[in-house]
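Asks: need a 3D model of the sequence below.
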Amino acid sequence: MTVTENSLLARDVYRLRLAGDASGIERPGQFVNLLLEGFFLRRPISVFDWTEDSLTLIYKTVGQGTAHMSRLSPGAELDLLTGLGNGYDTGLSGDKPLLLGGGVGVPPLYALAKKLREEGKQVRAVLGFRTAADAFGITDFEALGCETAVTTEDGSLGRRGFVTDALPDAYSFFYACGPLPMLRAIWRTCKPSGQLSLEERMGCGFGACMGCSIQTLSGPKRICREGPVFRKEELPWTV
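Replies: Model (predicted):
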């Protein structure tokens, strides 16, 4: 695929737009694996939005690989494996789904919100960030017609606290993506059923190396293949 835009959105957070065949992506919550020149392992990145011939990724610079990505210019070509993972199931949502995103866990929830709105669902989203300087994507969710709340750990934007401090009184199902401590807190706090997108270091990204396996209540599963999205009831976490 060919880079058409690589722009700074928030502190250390970039939007990468690509042109090329994105038809392998079928469901929100799937991811791509990028091959970067000079790096042995590919980088898994969640999908923010896509069409048949374009792809939008939002990523944060956290190491040498993503720092290298931030320096890509329009016209650069990238080798991608697309349509990886299982994605979210909108058939489980009910009429009033709740979306809970933390930091770079926010991007895959945008495509999910878009699909849920197309299905006529009343979508609420709670987006959590460390500070106002880290926030992004809020207006994108609002433009879809989602009732959107924002939390920051320091109170510099929206409500002070975490996404679990801004839960609505009633919702039919939840979808979540973010850091593991946040996901565990959601798992403990949210009473309805839901789906959570997990992350783990990956070798191959398509299930061959077994490096991203986790334990579930039905045995070991690979985050890149059977995941990254799991039902709340699959996870052997304890209160």
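
Asks: in the sheet, who's paired with residue 194?
Replies: Beta-bridge partners recorded for residue 194 (DSSP bridges): residue 174.

Asks: would you agree it is in contact with residue 175?
Replies: Yes. With contact defined as C-beta atoms under 8 Å, residue 194 reaches residue 175; the gap is 6.3 Å. Every C-beta, even on glycine, is put in place using the N, C-alpha and C of the backbone.

Asks: give me the more crowded residue out of those two.
Replies: Using other C-beta atoms under 10 Å as the criterion, residue 194 and residue 175 rank with residue 175 on top: 29 against 25.

Asks: distance of the more buried one relative to residue 146?
Replies: 12 Å (C-beta to C-beta, to the nearest Å).

Asks: common neighbours of the two, please.
Replies: Residues touching both residue 175 and residue 146 (C-beta atoms under 8 Å, 6 or more residues apart in numbering): residue 99.

Asks: can you list contacts of the top helix by length along the chain?
Replies: Determined from DSSP state H, the single longest helix within the chain is helix 107-118. Contact with helix 107-118 is made by 28-29, 31, 46-50, 57-58, 88, 90, 93, 97, 99-101, 123, 125, 137, 140-141, 144-146, 175, 177, 197, as judged by C-beta under 8 Å, 6+ apart.

Asks: and for stretch 194-206?
Replies: Residues contacting stretch 194-206 (C-beta under 8 Å, 6+ apart): 29, 31, 33, 41-42, 44, 46, 81, 84, 88-89, 92, 98, 105, 108, 173-177, 180, 183, 186-187, 209, 211-212, 214, 223-225, 227-232, 235.

Asks: could you flag which of those residues are buried?
Replies: Buried subset of the contacts of stretch 194-206 (neighbour count, 16 or more other C-beta atoms under 10 Å): 29, 31, 33, 42, 44, 46, 81, 84, 88-89, 98, 105, 108, 173-177, 183, 186-187, 211-212, 214, 223-225, 227-230, 232, 235.

Asks: and the chain, what are its domains?
Replies: Using automatic domain parsing, the domain ranges for the chain come out as 2-84, 90-194, 198-239.

Asks: single out the most deeply packed of the ones you listed.
Replies: domain 90-194 (a mean of 19; mean count of other C-beta atoms under 10 Å).

Asks: quick one: distance of that one to the chain centre.
Replies: How far domain 90-194 lies from its chain's middle: 11 Å, per C-alpha atoms, centre = their mean, to the nearest Å.

Asks: and what of stretch 32-40?
Replies: 19 Å.

Asks: from residue 228, how far out is the residue nearest the centre of the chain?
Replies: The structure's the chain has its C-alpha centroid closest to residue 108; by C-alpha atoms, centre = their mean the separation is 3.2 Å. From residue 108 across to residue 228, the span is 9 Å (C-beta to C-beta).

Asks: tell me, what's touching those two both at once?
Replies: Common contacts of residue 108 and residue 228, defined by C-beta under 8 Å, 6+ apart, comprise 29, 31, 197.
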